[in-house]
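Engineer: Structure of the sequence below:
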Amino acid sequence: MATAKAFGRAAAALVLLVAVTSCGHKPAAKPPDGTPLPGLSVSAAPTAPSAGTTSEPGESSLTPGSPATGKPGGAPTGGPGSSRPGSGPGPAGTSAGPGAPANACGTPPAGRAPDGRAQQRIVFPALGSHQWPDSQVTMRACATSGLPVTYQFQNGGRGGSCWVSDPAATTVSSQGVPMSCQVTAAQAGNAAFAPAAPATVTWAVNKLVVTYGVLGSATTLTYSAANPNATIQVRLTAIHDIPYLTMYLNATGACSFPPGSRGVGGAGGRDITVNVAMALAAQGGDCDIRVGVQVNQVANVDPVTGASRHYTVTK
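Structural biologist: Now for the predicted structure:
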């Protein structure tokens, strides 16, 4: 009996020793026959932050001007120089920035204003000089930004040589002739565009110039009882339809005109020819004539060589 108890104690001690030496160890996993274990991927250890960045919680490690990463559509942190559509100065989604004209006015100036806004330029086509009755003009200045342009007339369009029908309108008429105005086009800019440099042109309306003279190259006129008169032709030309004019004729020597004046023009036409009958003296001799044209204060007349002529009347 004592031997059996001693053997039992020895067996228990052996079991306890085995349990202690195998504590904390698990048997290795054994995959099913023929099925290899999948490979394990190992992530590299995180690197230390680079110079100029921060590892403080909640702060970005991006350098200024770089796009935010890890966020779809992240906005750039750079300033006005960003080329992303819709960012910085300039209307979003348009091509109004430098280098891409917003309209047919031309190419905008390169670069940006000191405050970061886009540059713009005004194109103001010349208004030219006009002659009465061409006394109306439409101003067609435009800005490369596509923004509306305003106009300012010399003396406000209400003084000196510059009097216009409606200084606040785009299409205006001169009030009186001759007239001369300096007109300045301006564009003040907005949040996207800096102000444009003003552009100034001159608009003038002058009196209508009517040129006139006697046609023909003959220097001798022949008198006969059957034909005691001669017909001369006076030509009048202008750049617009010739208004109603008063024509005066003066003759000395062996020819004469009926007394009084006659009206010409006013029926349309920029180039008209008027036939004038002139009586010849039966005795013949020298004849000198002169044609004059008088018009109201709105138009001017300009005689040319031929407004005065010398003839010899023969029998």
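Engineer: For the stretch 151-300 of the chain, which segments count as strands?
Structural biologist: Under the criterion DSSP state E, counting those that start in this stretch, the stretch 151-300 of the chain contains strands at 158-159, 162-163, 171-173, 179-186, 199-206, 208-214, 220-222, 229-237, 245-253, 255-256, 262-264, 271-280, 285-294, 299-303.
Engineer: and of those strands, who's closest to Trp132?
Structural biologist: strand 208-214 (4.7 Å; CB to CB). (Glycine included, C-beta is placed from N, CA and C.)
Engineer: circling back to that earlier point, quick check: which of the strands of the stretch 151-300 of the chain is nearest to Gly146?
Structural biologist: Smallest distance to Gly146 across those (CB to CB): 14.4 Å, for strand 179-186.
Engineer: What strands flank the closest one, and is each parallel or antiparallel?
Structural biologist: Here strand 179-186 is paired, per DSSP bridges, with strand 150-153 (antiparallel), strand 199-206 (antiparallel).
Engineer: Would you mind confirming that Thr231 is in contact with Leu280?
Structural biologist: No. Using CB atoms under 8 Å as the test, Thr231 is too far from Leu280 to be in contact (11.0 Å).
Engineer: So which of those two has more stuff around it?
Structural biologist: More neighbours surround Leu280 than the other of Thr231 and Leu280, with 23 against 9 (other CB atoms under 10 Å).
Engineer: I'd like to know how far the nearest residue to that one once chain neighbours are set aside sits from Thr314.
Structural biologist: Sequence neighbours aside, Tyr223 is the residue nearest to Leu280 in space, at 4.3 Å (criterion: CB to CB, 6 or more residues apart in numbering). Tyr223 sits 7 Å away from Thr314, going by CB to CB, to the nearest Å.
Engineer: Which neighbours do these two have in common?
Structural biologist: Residues touching both Tyr223 and Thr314 (CB atoms under 8 Å, 6 or more residues apart in numbering) are Gly284.
Engineer: Looking at those two, which is more packed in?
Structural biologist: It is Tyr223, of Tyr223 and Thr314, that has more neighbours when counted by other CB under 10 Å, with 21 against 13.
Engineer: could the strands paired with strand 179-186 go into CSV alongside mean neighbour count and mean pLDDT?
Structural biologist: Listed next are the strands paired with strand 179-186 as CSV, based on neighbours: other CB atoms under 10 Å; pLDDT from 0 to 100:
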stretch, mean neighbour count, mean pLDDT
strand 150-153, 16, 96
strand 199-206, 18, 96
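Engineer: JSON lines for those, including distance to Pro178?
Structural biologist: Below are these laid out as JSON lines (distance: least, CB to CB, whole Å):
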{"stretch": "strand 150-153", "distance to Pro178": "16"}
{"stretch": "strand 199-206", "distance to Pro178": "5"}
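Engineer: And those: which comes nearest Pro243?
Structural biologist: strand 199-206 (14.6 Å).
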